[in-house]
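J.: The sequence isn't on hand, but the structure is:
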């Protein structure tokens, strides 16, 4: 076989044929000269036109002339062919003879053997190292926990627990529980919400409300002894929140005094408040500190007082919680320590005798562990363990009984946001209390806590709260009181600045080992009209009823109030 000569008839093709041949041969020759023998080709994508010819479809020396096109059998169409000659230059081989191609030898610096050609077209080696394009997941700030939906489960030390998510530990009486609707704040449209006062990095929201009305039973005693009176109520509130980029300090403090000009013995103060500090140590670790207080008065007909009193003695509870919360991916773990103090004022009887209540003063210490797992953004189940001990200031009470006790509460539940309209938290479990004095029987009772907010429509909101537990008592022979409370409230906005609110509350108290039971009910109707951001008017009506097997403890009352609220 001889080397292929020039393609016959190239003169007849003119410049067009010569340009095509040059376009096919020159790039391949230039690349072959630049690469040494055996060097890998830097292009490993689709093969070049010239590379296909020697190793492609088996052209067997068929030649392309001019602009001719090769058929599958190697013949040319649309141009001239040379029967015995092949293409003068074939992809990177330069000018080579058939024998040289077969033997793998080279005839010049621009020629390559078959082995080198195969190496040239081999699969490129695997690349090692990092990818040139790496998917990057943006890191965003972890949203803070909603304290309203993850409350510190805390049972009251004495009295009735508030059916709210605020962990106000301490003393609450049935009368206080049934009348809380008079003080509960409402959701305000942003167009009429107060702007507050900027003080440094804090926004302060003060409020003053003055109301006038009428109460058919301000003493909350049996109706045959009730003495109605005009009611003058003054309330002050102070809310604040920090404007920090991280961490947060918030507070909600309320206090008031109701004066009954026609029955001065029934005049009384009240107050409640909670402050919370959250320290964001890092993205997954938070330190939480909470302080709380409650100030209220006892009813004169309560079973915990041995006789009817001439005044309403004060009771106060205050405490703190310190804890740390940690996130482990989807797992959330929190550990909290709790300390609460309850104090009772001495009562004065109608004959001037002083009834000592210092034997009811106590401290409560607790340790709480909660662990939750976020199944999805809409539901987080959790388990909760609370161990506490109650220690009284005096070794024995007025009946000669030691009331110190230890308790443990096991509960499980879930916080959820099923839709953007339904959010809340529900938990259930058991509480067990064991007493130091053998005369007091150990108590075991179910513990249920529920807080649900349903936005039925942009104008209507439904709130449901419930709580059960064991609270202290001073009734001789009784270990404690099994109490259950529930509140249902519906708020509907007729206008952006006009809201109607209706609610009902239920109370059940069962004294252990003594024949005393209490069933309470209250209903509330309220209207709020906001003139602007700083001035509002509230009218309210509340009906309270308590039926008790204890003599002189049952009562019912009607309260009407109309007042103005100022938000400076």
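T.: Arrived safely. Predicted model, so just to flag it, every value in this text is computed and none were measured.
J.: so the spatially closest residue to residue 459 that is not a sequence neighbour, which of the three states?
T.: By the measure of C-beta to C-beta, 6 or more residues apart in numbering, the closest residue to residue 459 outside its immediate chain neighbours is residue 493, 4.7 Å from it. Heads up, the C-betas are built off the backbone N, CA and C, glycines and all. Residue 493 carries the three-state label strand when classified by DSSP: H, G, I helix; E, B strand; the rest coil.
J.: isn't residue 493 right next to residue 188, touching?
T.: No. Shown here, residue 493 and residue 188 do not form a contact pair, counting by C-beta atoms under 8 Å, at 9.6 Å.
J.: okay, and for the chain, where does confidence drop off?
T.: Screening the chain residue by residue with the criterion pLDDT under 70, one finds the ranges 1-186.
J.: Show me where it has its helices.
T.: 10-34, 49-55, 98-103, 114-120, 174-178 (DSSP state H).
J.: Tally up the residues packed near residue 498, please.
T.: Neighbourhood size, residue 498 [other C-beta atoms under 10 Å]: 14.
J.: And for the residue lying closest to it once chain neighbours are set aside, the neighbour number?
T.: In space, not counting the residues next to it along the chain, residue 498 is nearest to residue 529; the distance is 5.2 Å by C-beta to C-beta, 6+ apart. When neighbours are counted by other C-beta under 10 Å, residue 529 registers 15.
J.: how about residue 529, what does it touch?
T.: If a contact means C-beta atoms under 8 Å, 6 or more residues apart in numbering, then residue 529 has 497-499, 536-538 as its contacts.
J.: Restrict the residues you listed to the buried ones and give me that as a ChimeraX selection.
T.: Entered in ChimeraX, the line below selects the buried ones among the contacts of residue 529, by 16 or more other C-beta atoms under 10 Å:
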select :497,499,536,538
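J.: of all the contacts of residue 529, which comes closest to residue 420?
T.: Nearest to residue 420 out of the contacts of residue 529 is residue 499 (C-beta to C-beta; 21.1 Å).
J.: if I look at the closest one, how far off is residue 260?
T.: Look at residue 499 and residue 260: by C-beta to C-beta, to the nearest Å, they are 28 Å apart.
J.: The stretch 401-550 of the chain: strands as residue ranges?
T.: Taking DSSP state E, counting those that start in this stretch as the test, the strands found in the stretch 401-550 of the chain are 405-419, 422-435, 443-457, 460-471, 481-495, 498-511, 517-530, 535-548.
J.: Adding distance to residue 353, write these out as JSON lines.
T.: Listed next are the strands of the stretch 401-550 of the chain as JSON lines, based on distance: least, C-beta to C-beta, whole Å:
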{"stretch": "strand 405-419", "distance to residue 353": "30"}
{"stretch": "strand 422-435", "distance to residue 353": "30"}
{"stretch": "strand 443-457", "distance to residue 353": "33"}
{"stretch": "strand 460-471", "distance to residue 353": "27"}
{"stretch": "strand 481-495", "distance to residue 353": "26"}
{"stretch": "strand 498-511", "distance to residue 353": "25"}
{"stretch": "strand 517-530", "distance to residue 353": "26"}
{"stretch": "strand 535-548", "distance to residue 353": "24"}
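J.: Residue 287 pairs with what?
T.: residue 279, residue 324 (DSSP bridges).
J.: Could you do residue 388 as well?
T.: The residues that residue 388 bridges to, once DSSP bridges is applied, are residue 366, residue 407.
J.: Measure how buried it is and give me the count.
T.: Neighbouring residues of residue 388 were enumerated by other C-beta under 10 Å; the total is 22.
J.: what does residue 329 give?
T.: Residue 329 is surrounded by 8 other residues when neighbours are defined as other C-beta under 10 Å.
J.: Could you check how far it is from residue 283?
T.: Using C-beta to C-beta, we find residue 329 at a distance of 12 Å from residue 283.
J.: Repeat that for residue 410.
T.: Using C-beta to C-beta, we find residue 410 at a distance of 31 Å from residue 283.
J.: ditto for residue 291
T.: If you go by C-beta to C-beta, the gap between residue 291 and residue 283 works out to 26 Å.
J.: sorry, back to before: out of the contacts of residue 529, the closest to residue 513 would be?
T.: Of all the contacts of residue 529, the one with the least separation from residue 513 (C-beta to C-beta) is residue 538, at 43.8 Å.
J.: Surely the closest one and residue 565 touch.
T.: Yes. Counting by C-beta under 8 Å, residue 538 sits close enough to residue 565 to count as a contact (6.1 Å).
J.: which residues are in contact with both of these two?
T.: When C-beta under 8 Å, 6+ apart defines a contact, the residues bordering residue 538 and residue 565 alike are residue 209.
J.: Is residue 526 in contact with residue 540, as I believe?
T.: Yes. Look at residue 526 against residue 540 with C-beta under 8 Å: they come within range, at 4.4 Å.
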